[in-house]
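*Asks:* Sharing a sequence plus its predicted fold:
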Amino acid sequence: MTETTTLRDRVGALVAEAAEAAIRAGSLPDVALPDDLVERPRDPANGDYASSLPLRLARSAMMPPLAIAEAIAGHLPAGEVIDEPRIAPPGFINLSLAEHFVQGEIDRIIEQGPTFADGALGQGKRVQVEFVSANPTGPLHVGNGRGAAIGDTLASALSAAGYEVEREYYVNDAGTQTDVFAETLYARYQQQHGRDVSIPEGGYPGEYMVDLATQLREREGDRLLAEPGEPPSPEVREMGIALIVEHIRGTLATFGTTYDRWFSERSLYEPSADGAASAYDAAIAILRENGHLAEREGALWLTSSDLGEDKDNVVVRSDGRPTYFASDIAYHYDKFVRRDFEQVINIWGADHHGHVSRLEAGTEAVTGKGDALHLLLYQLVTLKRGGETVRLSKRGGEIITLDELVEEVGPDAARFFFLLRAPSSQMDFDLDLAVKQSNENPVYYIQYAHARLASILDRAAGEGRTPEGGDVALLTAPHELALVREMLRLAEVIELVATTYEPQHLAHYGMELATSFHAFNDAFRQQGDPNLKVITDDAALTAARLRLVLAAKIALGRVLDLMGMTAPERM
RNA sequence: GCGCCAGUAGCUCAGUGGAUAGAGCGCUACCCUGCGGAGGUAGAGGUCAGAGGUUCGAAUCCUCUCUGGCGUACCA
């Protein structure tokens, strides 16, 4: 039992040991035990943890659930971690944490500080989280913000759960979309030099393309102009992509998201630094050797229907250019084979779900590690403005950029709004409402709690009071212990996020932890007795309560940090 | 047509096969008047889209129907 095992696992192990002891003692038949033995009951009256094991064993043990509960409860070691178990019909064993254990956890939280609630689930496994990865053809829109919030927070949770995590942005700088982007940019650039040209059909009509052309003109003058009717120098494309990528990087930085690596799609087609074949050539060679490729109608196909897919997919077009799918196969060859990630998570908008199964098949064919690839889809964000629904599409007309959203509601509120919703849930984002209610956004509820905690510690320090040497055994009031109990859930929430890839649990937990603090703090006020506040004439009690406040600040700060939000000392 | 995701309070959404289905906003009534009121307590508000099924137990799993979103390219 290590320090980093969650409390839930610890309590579950106690139940397992008790059940095994009951089997050895002959009071329970020798039956197999399921994995998850305890859960958090919805109603706190049913304890901190509850086990429905007796109900689940009733059939195989051929015993009434209550009799099984009695048999197991008789072997549960009350004392160190839990109090005496309570049996409840129809067959639950309810367990409460022992008071002295709860109190002692305050000291442990303070001792662990910023590593509080870290876990060992990941065992140092190397995981890559790739997210956003929007085409470098325009600014990020609101939907990309959802991907950024989900990906970044998931990466943080995995890291806290003991994985070694790398965040990556895949820059699609090789496809036809960037060709169209470059053509559009060049058209705008020519317009700025007085040429009467129009942007290409299917090009990017957005005003930002004019801004980019202006930047290009201001930096390079007319140097990039080719003869009328002639194609421009490749530099136009290079510089355009570089400008857009820088813009995207800046947007994400403002949003609170930074990456370990920005990976160029084009680099997949270049020989590696040590002279080895390009990732693309290497991946294609493997597919060819293993008989996964076929030529047909002038194109090269991955025979994915042999791999359980609905159909085959084109890898190299009849004109010789590789498809996006080819890049993706090479990219995942690079991730799994060249860079040796043990687990890869890609976070995509739901509009890409048509690629999911074929990428899984392609990855399996080229690396054999299809099982280690996790494609997490988030449903698209629908924007509402003035009661009207606006579709988010870069190639369509109107887009609301992530910059605009952050400008209006701030990065913390924007992130939190995205994180509250499950990735699988379609969400309506009412812009008018988000702006109007920004001061009542639940994000402030959490941050306000953190600021109040900081304020109490400041105030105490001003009076020469500190948490040093406080004896946590003095904390016995229900609202004090309830606050600690809530903090103890964090490690379990982190593990839940790391296993389900659903960051919304963290956001909801943050709300609940803040609620526990507000209720704790208000309990002192309601009693109206100055001696019942955190800071009282009683020096020992004050120090003990300051320890609780400090621990709560650590826990709440950790939650905010995991979500990529600021934890303000004052607001 | 086929495939994927969803449908839970007036609105936006949580909900790990378990005990009386929750939160925020909005609404109503109180508390406190502060170590930060961006607070606390309580209440009204539900056919968990519908119908079958599995189970000791279903919002949760399975089947069908309805509704919405997305996909079904030698675009990405």
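*Replies:* Now that the structure is in, tell me what you want to look at.
*Asks:* From now on I want contacts and neighbour counts done on CA atoms only, so please keep to that.
*Replies:* Noted.
*Asks:* Show me which residues of the stretch 51-200 of chain A sit near RNA strand B.
*Replies:* By Cα under 7 Å from any atom of the strand, the residues of the stretch 51-200 of chain A that approach RNA strand B are A:51-53, A:55-56, A:59, A:88-90, A:92-94, A:135, A:172, A:175-177.
*Asks:* If any of those residues are buried, put those into a PyMOL selection.
*Replies:* Buried subset of those, written as a PyMOL selection, criterion 16 or more other Cα atoms under 10 Å:
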select buried, chain A and resi 51+52+53+55+92+93+94+135+172+175+177
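*Asks:* Show me the residues of the stretch 51-200 of chain A next to RNA strand B that map onto helices.
*Replies:* Within these, residues falling in helices by DSSP state H are A:L53, A:L55, A:R56, A:R59, A:T176, A:Q177.
*Asks:* which parts of stretch A:357-366 are buried?
*Replies:* A:R358, A:L359, A:E360, A:A361, A:G362, A:T363, A:E364, A:A365, A:V366.
*Asks:* which SSE is the most centrally placed residue in chain A in?
*Replies:* What sits nearest the mean C-alpha location of chain A, by Cα atoms, centre = their mean, is A:L154, with 2.0 Å. Taking DSSP states H and E as the definition, one finds A:L154 inside helix A:142-160.
*Asks:* Send over that helix as CSV, restricted to the C-alpha atoms.
*Replies:* C-alpha atoms of helix A:142-160 as CSV (Å, rounded to 0.1, in the frame of the first residue of the first chain):
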residue,chain,number,x,y,z
VAL,A,142,-14.5,28.6,-30.7
GLY,A,143,-14.7,24.9,-31.4
ASN,A,144,-10.9,24.6,-31.3
GLY,A,145,-11.1,26.1,-27.8
ARG,A,146,-13.1,23.2,-26.7
GLY,A,147,-10.4,20.8,-28.0
ALA,A,148,-7.7,22.9,-26.3
ALA,A,149,-9.4,22.9,-22.9
ILE,A,150,-10.2,19.2,-23.1
GLY,A,151,-6.7,18.2,-24.3
ASP,A,152,-4.7,20.4,-22.0
THR,A,153,-6.7,19.4,-18.9
LEU,A,154,-6.6,15.7,-19.8
ALA,A,155,-2.8,16.0,-20.3
SER,A,156,-2.5,17.6,-16.9
ALA,A,157,-4.7,14.9,-15.2
LEU,A,158,-2.6,12.1,-16.8
SER,A,159,0.5,13.8,-15.6
ALA,A,160,-0.9,14.0,-12.0
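*Asks:* ok, the residue nearest to A:V472 when sequence neighbours are not counted - how many residues close by?
*Replies:* Nearest in space to A:V472, with sequence neighbours left out and distances taken as Cα to Cα, 6 or more residues apart in numbering, is A:A544 at 5.1 Å. The burial count assigned to A:A544 is 25, neighbours taken as other Cα atoms under 10 Å.
*Asks:* mind listing what A:A544 touches?
*Replies:* For A:A544, the contact set (Cα atoms under 8 Å, 6 or more residues apart in numbering) comprises A:P467, A:G469, A:G470, A:D471, A:V472, A:A473, A:L474, A:L475.
*Asks:* what is the orientation angle of the one helix or strand it maps to with helix A:142-160?
*Replies:* For A:A544, the host element (DSSP H and E) is helix A:539-562. Relative orientation of helix A:539-562 with respect to helix A:142-160: 130 degrees, computed using axes from the mean of the first three to the mean of the last three Cα atoms, to 10 degrees.
*Asks:* Just the CA trace of helix A:539-562, in CSV.
*Replies:* What follows is helix A:539-562, C-alpha atoms only, in CSV (Å, rounded to 0.1, in the frame of the first residue of the first chain):
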residue,chain,number,x,y,z
ALA,A,539,-4.1,30.2,19.9
ALA,A,540,-4.0,26.4,19.6
LEU,A,541,-7.4,26.2,18.0
THR,A,542,-6.5,29.0,15.6
ALA,A,543,-3.4,27.3,14.5
ALA,A,544,-5.3,24.1,13.9
ARG,A,545,-7.9,25.8,11.8
LEU,A,546,-5.3,27.7,9.9
ARG,A,547,-3.8,24.3,9.0
LEU,A,548,-7.2,23.3,7.6
VAL,A,549,-7.4,26.5,5.6
LEU,A,550,-3.9,26.1,4.2
ALA,A,551,-4.7,22.5,3.2
ALA,A,552,-7.9,23.6,1.5
LYS,A,553,-6.1,26.3,-0.4
ILE,A,554,-3.6,23.7,-1.6
ALA,A,555,-6.3,21.4,-2.8
LEU,A,556,-8.4,24.1,-4.5
GLY,A,557,-5.3,25.6,-6.1
ARG,A,558,-4.4,22.2,-7.4
VAL,A,559,-7.8,21.8,-9.0
LEU,A,560,-7.6,25.2,-10.7
ASP,A,561,-4.1,24.4,-11.9
LEU,A,562,-5.1,21.1,-13.4
